[in-house]
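> this one's structure only:
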């Protein structure tokens, strides 16, 4: 009898749900809004609703599902099925597994979202076949997942992978965590937007000023990328600088862990190749003496927005990611 | 029949040799000069000589030895028994295993010296019982070894653990590797000595000037430590700053890997507690929001100068460190 699994990528803004069979074929997907500000019960109802829609499309019900895997944007205890802290959902100590099992009547397993995305890319995406890799998502913030010796490295209390809070310039921009010069404060979408806002406020010659009609609060990372693509030197410099710091971050990871691959995902990496080129160039420059930068493969995520939900399916399929993964 | 093992910690300056039986009892030790500048053959002869001395003391010969483990200060291929690059020995592509096996008639296995020290501390020292730990040696340079999920993490091509070349201030002091602001350029013994030299050259009010009779070239990290211990504020500031950067390095490691323990060894850590206090204080300060700094135990190496040779014995005992370790 065919077994079915549900994967859920629970984001601060959107929920992406996917249904797969045990051969790894994805049978249906559904994206809806999270509506986190309307409370936990509402988010749970949205998860159940989105799942029901994909199940209906395949004429299935929760009773046909072996397990539901959920990627959570925060600090989770995978064993206890508990969300300790998920700032984008405004969740503290939420026993998500128990709550969702009560709603669906189906076993639920959870994983940190960046870890899930790392698993997705490792098993189905750009990381196929690698024994060790680091997945980095560069988006509003910067997060990561680390695969070492063929296993997800969660670290003590499931807290490893906070790549965005690696400090690489203690006198650099302020980070949301309260420290200065974290990678997230230098290379994330938020960092790019903030630098764009400064440029507008400083009245530097840039089409960004036209794009936002002189209103710096309207500047986003996407707007900076568009300006850069249209040849604006100031915007290009912002992206090159973000890539420079990301390159330092990658060099640090390579020196520490010497992974086979580093996979870059997230919205910022999709906005043209200027950042990626600057990142690679910095990495090569820093590691030229040791040639370490040449031994690691730097690539873009292959699954795009779906790394996380595919990873959530992997988690569902294998109960705990330390088990063997069978889906090709 | 009792089995015997030889461990050799091959340093740029000294060779430390130890003999142990298979219950882990150390039967003898010998330290001699490396004399690396007199060439490879001479270094090999010194290793054999030191080994012979400890064997003689126990009325044993190389024929009684199951295996020799050697910790090497450089980039090694543990499978091929090859030293790719060991700058302090001025070795390039030296097939050390083959050469030493020819000299001793005994199987030889090698490991990077910081990895060996990490194994030593993990299995016999401050890291006993930990599932994951990071060992850092703060000496002339800064190196490290990473134990994850009960295994030494060597990384691709055995190149992981280059903790000293994590960049934490791209506008900071120049490192020997050619980059700026590596941890090694900010917190090592060399960094402390260099800052001490600058202080003397700047004629800042410090007893360092008396200690070196105004000759900045005579300033060493040990001299700075002595001045700090005697209450010299300028020297204390140098050590506190070195500890501050080391604390940033530790915070980065904790955010990335969330190890159970971080073990600090090397000569610099033995020179009073000022650096360690500053390091811990910075770590707590950086991680106060996440409380991650409280979940990791920071401790000094328990085996002192012998972490490396004990690790070399572990390597000898277990052929490859991925095998099970039995010595208590």
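Thanks, I have it. These numbers come from a predicted model, not from an experiment.

> residue A:193 and chain B: what is the separation?
Going from residue A:193 to chain B by C-beta to the nearest C-beta, to the nearest Å gives 22 Å. For glycine as for every other residue, the C-beta is placed from the backbone atoms N, C-alpha and C.

> next SSE downstream of the helix or strand hosting that residue?
Residue A:193 is located in helix A:189-201, with elements delineated by DSSP states H and E. Under the assignment DSSP H and E, the closest C-terminal helix or strand after helix A:189-201 is helix A:207-211.

> contact partners for the closest residue to chain B within the stretch 51-200 of chain A?
Nearest residue of the stretch 51-200 of chain A to chain B (C-beta to the nearest C-beta) works out as residue A:155 at 2.8 Å. Contacts for residue A:155 (C-beta atoms under 8 Å, 6 or more residues apart in numbering or on different chains) come out as A:161, B:132, B:257, B:258, B:259.

> filter these to the buried ones?
By neighbour count, with 16 or more other C-beta atoms under 10 Å in any protein chain shown, the contacts of residue A:155 hold A:161, B:132, B:257, B:258, B:259 as buried.

> would you turn those into a markdown table with pLDDT and distance to residue A:180?
A markdown table is the format used below for these (pLDDT from 0 to 100; distance: C-beta to C-beta, whole Å):
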| residue | pLDDT | distance to residue A:180 |
| --- | --- | --- |
| A:161 | 96 | 21 |
| B:132 | 96 | 28 |
| B:257 | 97 | 22 |
| B:258 | 97 | 22 |
| B:259 | 97 | 24 |
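
> for the residues you listed, could you give me a markdown table that also reports distance to residue B:272 and secondary structure?
Below are the buried ones among the contacts of residue A:155 laid out as a markdown table (distance: C-beta to C-beta, whole Å; DSSP: H, G, I helix; E, B strand; the rest coil):
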| residue | distance to residue B:272 | secondary structure |
| --- | --- | --- |
| A:161 | 35 | coil |
| B:132 | 29 | coil |
| B:257 | 28 | helix |
| B:258 | 29 | coil |
| B:259 | 25 | coil |
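
> closest to residue B:184 out of those residues?
Distance to residue B:184 across these (C-beta to C-beta) is lowest for residue B:257, with 19.1 Å.

> what's near enough to touch the closest one?
Residues in contact with residue B:257 (C-beta under 8 Å, 6+ apart) are A:146, A:153, A:155, A:160, B:132, B:134, B:146, B:148.

> go with 10 Å
Applying C-beta atoms under 10 Å, 6 or more residues apart in numbering or on different chains to residue B:257 gives the contacts A:146, A:148, A:153, A:155-156, A:159-162, A:256-257, B:132-134, B:146, B:148, B:153, B:296.

> and the buried ones among these, selectable in ChimeraX?
Restricted to buried positions by 16+ other C-beta under 10 Å, the ChimeraX selection for those reads:
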select /A:146,148,153,155,156,159,160,161,162,256,257 /B:132,133,134,146,148,153,296
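
> mind listing which of the contacts of residue B:257 are in strands?
A:146, A:148, B:133, B:134, B:146, B:148 (DSSP state E).

> which residues of the stretch 201-328 of chain A fall in helices?
Taking DSSP state H, counting those that start in this stretch as the test, the helices found in the stretch 201-328 of chain A are A:207-211, A:221-229, A:233-257, A:267-270, A:274-286, A:292-295, A:307-317.

> tell me which of those helices lies nearest to residue B:101.
That would be helix A:292-295 among those, by C-beta to C-beta, at 28.4 Å.

> buried residues in the closest one, which are they?
For helix A:292-295, by 16+ other C-beta under 10 Å, it's A:292, A:293, A:295.

> now do stretch A:92-104
For stretch A:92-104, by 16+ other C-beta under 10 Å, it's A:94, A:96, A:97, A:99, A:100, A:103, A:104.

> returning to what we had before: so which of the buried ones among the contacts of residue A:155 would you say is closest to residue B:239?
Among those, and counting by C-beta to C-beta, the member closest to residue B:239 is residue B:259, at 24.8 Å.

> so what's the closest residue to that closest one other than its chain neighbours up against?
Nearest residue to residue B:259 in three dimensions, chain neighbours excluded: residue B:132, at 4.5 Å (C-beta to C-beta, 6 or more residues apart in numbering or on different chains). When contacts are counted by C-beta under 10 Å, 6+ apart, residue B:132 touches A:153-156, A:160, B:122, B:146-151, B:153, B:257-261, B:296.

> cool, residue A:99 as well?
A:40, A:41, A:43, A:44, A:47, A:81, A:83, A:108.

> element containing it?
Here residue A:99, judged by DSSP H and E, is contained in helix A:96-104.

> state the mean pLDDT of that helix.
Per-region confidence: helix A:96-104 scores 97 on mean pLDDT.

> what do you get for stretch A:72-85?
Per-residue pLDDT values over stretch A:72-85 give a mean of 95.

> next, see if it gets close to chain B.
Yes. Stretch A:72-85 is in contact with chain B by C-beta under 10 Å from any C-beta of the partner chain, via A:75, A:85.

> end to end, how far does that stretch reach?
10 Å (C-alpha to C-alpha, to the nearest Å).

> which residue is nearest the middle of chain A?
With distances taken as C-alpha atoms, centre = their mean, residue A:137 lies nearest the centre of chain A, 4.0 Å away.

> let me know whether it touches residue A:268 as I believe.
Yes. With contact defined as C-beta atoms under 10 Å, residue A:137 reaches residue A:268; the gap is 8.8 Å.

> joint contacts of the two?
With C-beta under 10 Å, 6+ apart as the test, residue A:137 and residue A:268 both reach residue A:188.

> check the closest residue to residue A:268 other than its chain neighbours and give its pLDDT.
Sequence neighbours aside, residue A:138 is the residue nearest to residue A:268 in space, at 4.1 Å (criterion: C-beta to C-beta, 6+ apart). At residue A:138 the predicted local distance difference test score is 96.

> neighbours around residue A:138, how many?
33 (other C-beta atoms under 10 Å in any protein chain shown).

> that one pairs with what?
residue A:142 (DSSP bridges).

> one more: residue A:264?
Here residue A:264, judged by DSSP bridges, has bridge partners residue A:136, residue A:300.

> right, and it touches residue A:133 too?
No. Using C-beta under 10 Å, residue A:264 is not in contact with residue A:133; the gap is 11.2 Å.

> what sits closest to the residue in the stretch 201-328 of chain A that chain B sits nearest to if chain neighbours are left out?
As assessed by C-beta to the nearest C-beta, chain B sits closest to residue A:258 within the stretch 201-328 of chain A, at 2.8 Å. Closest residue to residue A:258 apart from its sequence neighbours, by C-beta to C-beta, 6+ apart: residue B:155 at 2.8 Å.
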